[in-house]
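pasted the sequence and its predicted model underneath.
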Amino acid sequence: MTNNTKTVREPLLHIVKRDNITLGKKIAIYAIAIVASLLLGAIICSLVSTRGDVIKFFSSLFEGCFGTTRLFWLFLQEFAILLAVSMALIVSFKMKFWNLGGNGQILMGGLAAIACSYYLGGKVDDTLLIVIEVFASILAGAIWAVIPAICKALWNTNESLFTLMLNYIAAGLVNLFIAIWVKGGSGILNPLANGKLPELGNKYLLIILFGILITTIITIYLKYSKHGYELSVVGDSQNTAKYIGINVKKVIIRTLILSGAICGLVGLLLTSGTSNSISADTAANRGFTAIMTTWLANCNPLFAIATCGLVVFVTKGMQKVRPNFGMLDDTISNLVIGIVYFFIIACAFFIQYKIVFNPQVTAKLNKIKAFFANIFKKKKPLNENEKEGE
Amino acid sequence: MLAVLVSAIRFMPFFLFGCTGEIITEKSGHLNLGIPGIICAGGAGGSLGVTLYMKALNGATPNYVLLILIAVVSAFIVASLMGAIYAFLTVSLKCNQNITGLALTTFSTGLTQFIMKNFVEIGLISTASTLFKYSLPFASSLGWFGEIFLSHGILVYLAIAIAIVTAVILKNTKVGLRLRAVGENPAAADAVGIKVDQYKYTAILLGSGIAGLAGCFFILDYIQGGYDSYYIMESLGWLSIALVIFTLWKPNLAIFGSILFGALYILPNTNIVAAITAQTAIKKAIELIPYVVTILVLLGISITGSKKAQPPASLGVNYFREER
C-alpha cells in the first residue's frame, strides 16, 4: 500500500516573458483580437436587435464612415482631432507621465479662445483677435498641463489623479463662465459673432491639416530631436537620465507644456474652429479616448495612426449601426467600443508573455494541432483579409 | 445648518460605498479607475434585480427585507462581474491598470444604459424605492438627534457598517495585514507564502461589489429611478476615487470625508446658498470645491512626504513572479 515516490503536481500552465516577437506574429495577434472583438460586438447587436445580422453590422460600420462624402469628411475630421490629442499624450506617456487630463486641457484651450472672442470681439480687428485666441488657447492648455507637471517634478505628486481632477475643474470652469456670460440661465452659449477661425475650402479641412501637421511634427520631434531623446530616457529610467546629465525636472515640465499646448490648440479648433461656442461637453471625452489610442499604440506616433483610425472607425461606424439596427440610443456604441478596448488591451499580454503548459498538456495540444493541421492542409484562412484593408 | 448636515448624511453612502470599495482594491496594489463605471453597473444591477422581483410579485406589496436584500445582492454581483473583467486583465494578464480601468468605465457606462433602457422598468423602481427611504417612524419625534442619526434609509447605515468593518479588518486582522503586504510589496508577500493573486482577486471583486452598492443607492434610493443618471454617477464616481486620497486610505476617516463631500455636493442647492446669492455662477463655483480640496490634499501628502499617509507602495504596478 505504501507509495514512496512523491508525486509533484505540476501547475497546468505558467507564463514566461518573451524575449522577442516577430512583427508578423504581433500583427496577427492584433488582427485576431480586433476581428474577434468586432465579431463579438456584431453578435451582441444582432441578438439584441431583430433588424440586423452580423454581415449587416460590418457593412453598416463601413457605411457609417465612408457611406457619403459628408460622412467621410466627418470621419477624417474626427480622425485628425483624435490623432492630434493622441500626439499630445504620446510625448507625456513616453516619459511615463500619466497625463489623464486631455479633456481638461482641451476645455481650457477652448475656454480661453471663447473668452477672447467674448470679451474682445468687435473691439479689436478680427485677424488680430484670432492671433490672440491662438496664443490664449496654447497658454491655457499649457498651464493646465504644467501645474501637475511642476508638482510632479518638485514633490513627486501623483499626476494621474491630479490631472483627472483638473478635468472636472475645467468642466466646472466652463459651466461657471457660461453661467456668467449667459444671463437667462439656460446654460447654453449661443455661437459668438467674432473670432471664428477661417475656413480652408470646406469646414473640415483646417482641422484635418492640423492633425496631419501635428502628427508629422511629433513624429520628427520624438525620433530626431534631442528633446525627444531626453524624454524617452526619462521615461525609461529617471536614474539613468540623471547620470547622463539630463535635468529630469526640466524635461518633465517642458514636455508637459508641449502636451498641454497641443491639447489647447485642439480646444481652439473644437470651439472657434467649428461652432464658435463652448459647452462642458466640447471635449467629448476625447482626452480619455486618446489615452486608449496612445497606450494601445505603445506610444508610437505611427502606430497611433492605426489605433486612432480603428477607434474612429468603430465610433463613427456605430453611429450608422444604431439606426440600421433600430437602436435609438447610443448605449450600444460604448458597449462595443469597450469590448474592442478590452481585446486590444489583452493583446499586450500575449505580446509580452508566453503561456507554457506543463508537459502533459503540451503533448495533448500538439496532438490537436497535428489533427487540425491535417484538416486545413493547403487551405488558407480567408476571413481576416476583409477587415485588414481598413 | 442642521438641514445641510442631514442632507449631507443622506447623500453620504454614495461616496462611502465607492470610497470603501476603492480603498480595498488599492490596498491590494491595484488602482481601479473603472470604479465610476462599476458604480454605474452596480446601479443597473440593483435596478434589474428590483424590476425582476417587482414583476414576480405582480402588484402585491413587496417584502421590505427581501427587496433590500435582492437589490443589494444583485448590485453587488453585477459590479463584481465588472470587477472580474478588471481583475482578469490586470492580475492574470498583467495589463496596464490605468488603461484597463478607463476602458472598463467606457464599457460599463454603455452596459448600464443598455440594461436600464431594455430591461428595467422605471415605474416599478419608483414604487420600490419608497421602501428604501423607509426610516424609523419615531425619528422625527426625537428632535435634532433623531434627524441626524435615525432619519435615514437602511443603506446609510449599511455603508457606515461596511466602512467600519473594513477599517477593523484592514488594521487589526491577519487577513488585513496580509492584504496590505500584498499592496506594499507583493514579492515579499509571495516569499512568505501569501497567495498574492488570490488576495488581489478577492480584494478587487469585493471592492468592486461594494462600490457597486453606491450605484444601487443612487438610483434606487436617492433619485428613485431615471435613465440618464449615469452621467452624474460617472462624474461623482471620480470623486469617490479622490476621496480615497482625501481620507488617506482609511475607511473610518472615509465616513467623515463622505459626509463632507456630500455636504459640498448638496450645498449649491440649499437654502443657505440661496439666501446669500441667487447667481448660478456662485453655485457653479461651489461645485468645484471637492475637486480643488482633493488636489490640495494630494499636494499636501506629497509635499510633507509623511510615511503614514502614502499610497500602497506598489499601487499601479502589476506583479509578475518571475521578474525580480
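Happy to help now that I have it. Residues are numbered from 1 along each chain as shown, chains lettered A, B, ... in the order given.

for the nearest residue to A:Asn167 once chain neighbours are set aside, report the pLDDT, please.
Nearest residue to A:Asn167 in three dimensions, chain neighbours excluded: A:Gly104, at 3.9 Å (CB to CB, 6 or more residues apart in numbering or on different chains). (Each C-beta comes from the backbone N, C-alpha and C, glycine too.) At A:Gly104, the predicted lDDT confidence score is 93.

kindly report the same for A:Glu384.
In the prediction, the pLDDT value recorded for A:Glu384 is 45.

what does A:Ile368 give?
The model reports A:Ile368 with a pLDDT of 84.

please identify the helix or strand for it.
Remark: A:Ile368 resides in helix A:359-375, with elements defined by DSSP states H and E.

buried residues of that helix, list them for me.
Within helix A:359-375, no residue counts as buried by 16 or more other CB atoms under 10 Å in any protein chain shown.

which elements pack onto that helix?
Contacting helix A:359-375 under the criterion 3 or more CB pairs under 8 Å, 6 or more residues apart in numbering or on different chains; DSSP states H and E is no other helix or strand.

please save the CA atoms from stretch B:62-73 in PDB.
These are the backbone C-alpha positions of stretch B:62-73, laid out as PDB (Å, rounded to 0.1, in the frame of the first residue of the first chain):
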ATOM      1  CA  PRO B  62     -43.100  43.900  -1.700                       C
ATOM      2  CA  ASN B  63     -41.400  42.500   1.400                       C
ATOM      3  CA  TYR B  64     -39.100  45.100   2.800                       C
ATOM      4  CA  VAL B  65     -36.300  42.800   3.900                       C
ATOM      5  CA  LEU B  66     -36.400  40.800   0.700                       C
ATOM      6  CA  LEU B  67     -36.500  43.800  -1.500                       C
ATOM      7  CA  ILE B  68     -33.400  45.400   0.000                       C
ATOM      8  CA  LEU B  69     -31.600  42.100   0.000                       C
ATOM      9  CA  ILE B  70     -32.300  41.500  -3.700                       C
ATOM     10  CA  ALA B  71     -31.300  45.000  -4.700                       C
ATOM     11  CA  VAL B  72     -28.000  44.900  -2.700                       C
ATOM     12  CA  VAL B  73     -27.100  41.300  -3.800                       C
END
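
so what's the nearest residue to B:Gly101 once chain neighbours are set aside up against?
Nearest-residue entry for B:Gly101: B:Leu33, 2.9 Å, with adjacent residues in sequence omitted and distances by CB to CB, 6+ apart. With contacts defined as CB atoms under 8 Å, 6 or more residues apart in numbering or on different chains, B:Leu33 is in contact with A:160, A:164, B:97-98, B:101-102, B:104-105, B:241.

so which of these are in helices?
Among the contacts of B:Leu33, the ones falling in helices (DSSP state H) are A:160, A:164, B:97-98, B:101-102, B:104-105, B:241.

neighbour-wise, give me the winner out of these.
Counting neighbours by other CB atoms under 10 Å in any protein chain shown, B:Leu104 comes out on top of the ones in helices among the contacts of B:Leu33 with 30 neighbours.

thought that one was touching B:His30?
No. The pair formed by B:Leu104 and B:His30 falls short of the contact definition of CB atoms under 8 Å, at 11.9 Å.
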